[in-house]
Structure formats: C-alpha cells, structure tokens
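>>> Take this sequence and fold it.
(one chain, ligands or ions: 1)
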Amino acid sequence: MTADPVISNAAAPGAEYAETASAAYRAALQVIESVEPRIAAATRKELADQRDSLKLIASENYASPAVLLTMGSWFSDKYAEGTIGHRFYAGCQNVDTVEILAAEHARELFGAPYAYVQPHSGIDANLVAFWAILATRVEAPELAALGAKHVNDLSEADWEKLRNKLGNQRLLGMSLDAGGHLTHGFRPNISGKMFHQRSYGTDPNTGFLDYGAVADAAREFKPLIIVAGYSAYPRRVDFAKMREIADEVGATLMVDMAHFAGLVAGKVFTGDEDPVPHAHVTTTTTHKSLRGPRGGMVLAQPEYSDAVDKGCPMVLGGPLSHVMAAKAVALAEARQPAFQAYAQRVADNAQALADGFLKRDAQLVTGGTDNHIVLLDVTSFGLTGRQAESALLDAGIVTNRNSVPADPNGAWYTSGIRLGTPALTTRGFGADDFDRVADLIVDVLSNTEQQGTSKAKYTLADGTAERVHAASAELLAANPLYPGLTL
Ligand code: DSN
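Numbering: from 1, shown residues only. Below you'll find the predicted structure:
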C-alpha cells in the first residue's frame with residue numbers, strides 16, 4: 001500500500017492501494033448483500049452516481065478509502081459517554097486511544113491548545129460551544145458569587161435566578177442571507193431561541209463584510225457572543241479584526257470554520273485569516289473542505305476547555321467512536337504536505353471558476369471569490385435559484401440554490417446558486433476544467449426559460465441537457481473519482 005492516502009488524481013495513490021481498497025469494498029458489499037441486497041445495490045449506485053456527476057455543492061467532498069473504511073468497525077458498537085479516562089461505561093480503553101489520537105492530530109494540525117472531537121455534527125459542535133461559553137462566562141461566576149460549586153447546591157429560588165440569566169444572553173452573528181449559517185442565531189434554529197439575537201450583514205454596495213458596521217452593532221447590542229464564519233460568503237474574513245471588536249465590547253469570539261477548515265488546515269488562510277489563534281472557541285465540521293468523515297469538532301483556548309470537555313453528557317449523547325477514529329485518519333491525512341497543495345488548488349480553482357463566469361458576463365455576489373465558494377446571482381438569466389438548480393441537475397450538474405443578500409425571492413426560491421470547488425478538486429480538476437464548468441453552467445442557464453410567472457417551473461431548450469451531459473462526461477472521465485477502485 002502506498003504511503004500517500006490522498007485520493008485525488010493529482011496525487012494519485014499507487015495501483016496497489018487501489019487494489020487493496022477495491023478488495024475491501026468488494027468483500028464488504030458481498031457481506032451486506034447476503035443480508036439486505038437492496039442496500040448493497042444502493043451503495044454501489046451511490047458511487048456510480050457520484051462518479052457520473054459534476055458535484056459543485058460547496059459543503060461536500062470525497063473522503064479517502066482509508067477514512068471511509070475506518071468507519072465500518074467495532075467501535076460503532078461501543079458506548080463511551082464521558083471524557084478520555086473518565087467514562088460512564090467500562091471497557092473504553094480503545095476508545096480512549098482513538099480519542100487521544102484524534103484530538104492530538106487536531107491540536108497539531110490547527111495549532112490549537114485544546115481539541116474536542118466528540119461532536120456528531122456541526123450543529124452539535126456549535127451547541128457544545130454555546131453551552132461552554134454560557135457555563136464559563138455566566139454560570140461559573142454566578143455559582144461562585146452564590147458560594148456554590150454546582151447548580152445542585154443552589155436553592156430553588158437561586159437556580160431560578162441563574163436560569164433566567166443563562167437564558168437571557170445576547171448573540172451577534174452573520175445573517176443567513178449575507179452568507180451566515182442557520183446555527184448563528186437564525187430564529188427558526190435553536191440558536192435563535194436560546195439567545196436574544198441580532199445579525200450583521202454585508203455592505204449593500206459591495207457585498208463584502210463591513211467591519212465598521214459589525215463594530216457598531218456590537219457596541220450597541222453588547223453581545224455575550226459574537227459568531228464569525230459563514231456557509232455562503234465567498235470571501236475571506238479578518239479574524240484579528242473580529243477579535244478586536246469582541247474584546248472592545250467584552251464578547252467571546254466564536255468562529256464556525258466548518259466551510260473553510262480545509263483552507264485553514266492547508267495553510268491557505270494564515271495570519272489574520274486563520275481563526276484558531278484569534279477566536280476563543282472555534283467550531284467546525286470535518287467532512288467539508290477538510291475531507292474527513294461526517295462529524296464535528298471544537299477547538300478552544302484554555303479558559304474554555306473544561307466547559308467544552310463537558311459537551312457529553314451536557315449536549316451530546318455517546319460519542320460515535322468509529323467516526324472519531326475516522327477523524328483521526330482524516331486529520332493525519334490533512335497533516336501531510338499533499339493536503340496543503342490540495343487546499344491551495346481548491347482556492348485557485350474557485351478563482352478560475354469565478355473568472356470563467358465573469359468573462360461570460362455572469363453576475364457574482366461580491367464580484368468574485370477568494371475562498372472555495374462562488375455565489376452566482378441567476379436573476380440576470382431571468383431565473384430563480386430553484387429553477388437554476390433544477391435545470392442544472394437535469395444536465396448532470398449538482399449545485400444548491402442559495403439566497404443572495406437582500407434576496408427578492410426569499411429563502412425558498414432564492415436568487416442564487418452556491419458553487420464550491422473542494423469536491424471536484426479532489427478528483428483532480430484544474431483551472432482549465434473549472435473554466436469549462438463555468439461555460440457549461442452558463443450554457444444551461446442561458447438555455448433555461450421561466451414558465452409564465454412561476455418561480456419553480458422552467459423549460460430547458462431541446463438538446464441542452466444532452467450536450468452538457470456529454471461535455472461533463474469528458475471532464476469526469478479525465479478526472480476519475482477513486483481511480484483504480486473497482487467494485
Ligand atoms: N449544510 C451545510 C452547507 O451546505 O453549508 C451547512 O450546514
């Protein structure tokens with residue numbers, strides 16, 4: 001087996017690696033087939049579909065066979081609530097090994113003083129962070145003032161007072177239509193119900209974050225927590241500036257780097273653009289640009305680490321030890337030099353994709369990108385995001401519709417299409433390929449017409465889907481997914 005577990009074409013693993021992985025998958029599918037053949041068939045079909053489509057969903061990627069295979073183990077069967085060495089169940093010595101290794105890789109990779117690798121997802125990671133900040137900033141000082149060590153030591157009346165304080169805090173996060181995430185204080189999400197929330201947006205003329213406006217909002221609102229980070233903002237953030245703002249108003253800076261963790265790990269975002277040294281608490285998922293298993297993680301400065309460590313059982317159920325093991329493998333991959341080259345290509349390819357649109361007169365939110373996201377405003381094609389998303393899917397291009405700032409079509413139909421480069425870059429796509437992708441997307445959208453006044457119905461001109469499918473097939477064949485892997 002080759003030493004390089006990275007799966008992209010550009011760092012092609014040896015034939016021996018592909019052969020070993022193929023044998024492992026074939027054996028696994030054979031075992032599954034003997035119990036529920038329809039699941040084996042769906043699993044095979046999922047790989048075939050992923051191989052045959054242009055995947056441009058900015059939050060998706062392709063994990064390596066090593067990461068994927070790690071998840072199919074006996075760790076799935078083990079309960080391990082608690083923390084390393086302090087579990088509520090017996091027999092967790094191997095889970096301890098896994099969690100120690102995953103946390104160690106995370107600390108080393110991100111230069112973080114503390115890493116908590118148990119969260120099952122991004123929202124779990126954010127909930128752990130919210131409660132850790134509340135516990136550190138509100139609960140602990142209040143308990144000390146009341147001469148108590150634990151809430152159970154409080155009288156009913158004192159607990160009532162503390163509960164009112166805990167549930168009465170303010171959070172300032174980026175608005176959803178400016179590119180923030182629903183867990184950053186959006187009302188229909190628990191974060192918008194746990195906190196009094198206010199949002200900051202982007203400059204209406206440029207689409208860029210306006211740090212002056214964020215500072216003004218922070219001074220006026222005086223939040224306990226400022227959340228930075230995004231899921232649809234196509235630009236970098238100056239986290240040193242965000243920390244200055246937080247410090248000025250006495251807020252805790254929490255950064256959700258779920259989308260761009262791979263660019264931080266790959267040293268594309270450094271200095272003021274690296275959130276980890278600037279944020280008090282940093283959360284992430286592990287499956288987007290970081291290219292690991294589906295899961296979450298929290299990194300914290302020392303003053304928050306004890307409270308973060310109580311994520312389970314405070315917020316989380318038993319850790320998914322098989323996923324923690326896969327996180328360790330993915331983080332080990334991300335510590336290799338090949339991952340830095342990959343992360344740089346992700347950013348370069350996003351630039352190429354944006355340039356490809358601009359030279360074909362398409363409109364981009366902020367006029368371009370400097371991360372892994374391109375946000376295409378489809379109103380100039382006379383379409384809603386929903387129509388564009390569906391027409392592109394008809395032509396084999398997988399994207400997702402997304403709001404643009406002050407979106408006239410609302411959050412359901414939207415006016416944008418969000419595109420990301422992490423997945424196709426893993427396949428080996430380069431700048432010329434992404435220029436071609438821009439060409440194909442413009443071809444589809446220019447040949448799509450709104451039906452009447454419907455925001456959902458559309459007509460795709462005859463022959464468009466076939467033409468684009470054929471062109472994508474060439475690009476996909478030149479950049480195969482899991483080269484050499486046969487089922
Ligand atoms: N669903 C993820 C995304 O697509 O950005 C974020 O949770």
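
>>> any idea whether M297 is helix, strand or coil?
Classification of M297 into helix, strand or coil gives strand, according to DSSP: H, G, I helix; E, B strand; the rest coil.

>>> what's across from it in the sheet?
As for beta bridges, M297 partners with T284 under DSSP bridges.

>>> so it makes contact with T286?
Yes - A contact is recorded between M297 and T286 when judged using Cβ atoms under 8 Å, the distance being 5.8 Å. C-beta here means a position set from N, CA and C on the backbone, and glycine is covered the same way.

>>> which residues do those two both contact?
Shared contacts of M297 and T286, defined by Cβ atoms under 8 Å, 6 or more residues apart in numbering, are found at K327.

>>> Check the spacing between K165 and the ligand real quick.
Remark: distance between K165 and the ligand (Cβ to the nearest ligand atom, to the nearest Å) = 30 Å.

>>> residues contacting the residue in the stretch 51-200 of the chain that the ligand sits nearest to?
Distance from the ligand to each residue of the stretch 51-200 of the chain (Cβ to the nearest ligand atom) is smallest for S59, at 3.3 Å. Listed by Cβ under 8 Å, 6+ apart, the contact set of S59 reads 231, 258-259, 285, 288, 420.

>>> if you set the cut-off to 10 Å instead, what comes out?
Contact criterion Cβ atoms under 10 Å, 6 or more residues apart in numbering gives 122, 231-232, 258-259, 285, 287-289, 372-373, 400, 418, 420, 422-423 as the residues in contact with S59.

>>> And for D256?
Listed by Cβ under 10 Å, 6+ apart, the contact set of D256 reads 122, 125-126, 129, 173-174, 180-181, 183-184, 227-231, 275, 279, 281-285, 296.

>>> For it, give me phi and psi.
Backbone torsions of D256, given as degrees, to the nearest 10, read phi -100, psi 100.

>>> what does R418 give?
Here is the backbone geometry of R418 (degrees, to the nearest 10): phi -90, psi 130.

>>> From A388, how far off is it?
Using Cβ to Cβ, to the nearest Å, one obtains 11 Å as the distance from R418 to A388.

>>> ok, now H372?
When distance is defined by Cβ to Cβ, H372 is 20 Å away from A388.

>>> Using the three-state scheme, assign whichever residue of the stretch 101-250 of the chain sits closest to the ligand.
Of all residues in the stretch 101-250 of the chain, the one sitting closest to the ligand is S231 (3.7 Å; Cβ to the nearest ligand atom). Assigned with three-state DSSP, S231 falls in the coil class.

>>> What pLDDT does the model give the closest residue to it other than its chain neighbours?
With Cβ to Cβ, 6 or more residues apart in numbering as the criterion, S231 has its nearest non-adjacent residue at 4.6 Å, and that residue is H181. In the predicted model, H181 carries a pLDDT score of 94.

>>> my guess is H181 meets G229, correct?
Yes - using Cβ atoms under 10 Å, H181 is in contact with G229, at 7.0 Å.

>>> Comparing the two, which residue is more hemmed in?
Relative neighbour count places G229 above the other of H181 and G229, with 29 against 24, counting by other Cβ atoms under 10 Å.

>>> The residue nearest to that one when sequence neighbours are not counted and T283, how far apart?
Spatially, and ignoring its direct neighbours in sequence, G229 is nearest to D256 (3.4 Å; Cβ to Cβ, 6+ apart). The span separating D256 from T283 equals 5 Å under the rule Cβ to Cβ.

>>> same check, this time on F339
Noted for F339: a distance of 20 Å to T283, by Cβ to Cβ.

>>> So which of these two has more stuff around it?
For the pair F339 and T283, the greater number of neighbours falls to T283 (32 against 24), based on other Cβ under 10 Å.

>>> right, and out of the contacts of S59, which lies closest to T70?
H287 (13.3 Å; Cβ to Cβ).

>>> who touches that closest one in this structure?
59-61, 63, 67, 121-122, 258, 261, 293-296, 323, 326-327, 330.

>>> what are the ranges of the helices in the stretch 1-150 of the chain?
With DSSP state H, counting those that start in this stretch as the definition, the stretch 1-150 of the chain shows helices at residue ranges 15-33, 37-51, 65-70, 93-110, 122-134, 140-145.

>>> wait, which of those is closest to Q301?
Distances from Q301 to each of the helices of the stretch 1-150 of the chain were compared by Cβ to Cβ, and the smallest falls on helix 122-134, at 10.8 Å.

>>> in the chain, what spans have low per-residue confidence?
Low-confidence segments of the chain, defined by pLDDT under 70, span residues 1-14.

>>> which bits of it sit near the ligand?
When proximity is defined by Cβ under 6 Å from any ligand atom, the chain lies next to the ligand at 59, 122, 181, 231.

>>> For S199, see how far away the third one is.
Note on H181: its distance to S199, by Cβ to Cβ, is 11 Å.

>>> so what sits against both of these two?
When contacts are counted by Cβ under 10 Å, 6+ apart, H181 and S199 are jointly contacted by 173-174, 227.

>>> And the strands in the stretch 51-200 of the chain?
54-55, 82-83, 86-87, 114-116, 170-174, 196-200 (DSSP state E, counting those that start in this stretch).

>>> for stretch 338-357, which positions count as buried?
Residues 338-339, 342-343, 345-357 are the ones in stretch 338-357 that count as buried (16 or more other Cβ atoms under 10 Å).

>>> how near is V268 to K45?
In this structure, V268 and K45 are separated by 35 Å, where distance is defined by Cβ to Cβ.

>>> quick one, which of these two is more surrounded?
A direct count of neighbours by other Cβ under 10 Å for V268 and K45 places V268 higher, at 24 against 10.

>>> Inside helices: which ones of the buried residues of stretch 338-357?
Secondary structure of the buried residues of stretch 338-357 is defined by DSSP state H; positions in helices are 338-339, 342-343, 345-357.

>>> Name the residues contacting each of R418 and A388.
Residues within reach of R418 and of A388 at once, by Cβ under 10 Å, 6+ apart, are 376, 399, 401.
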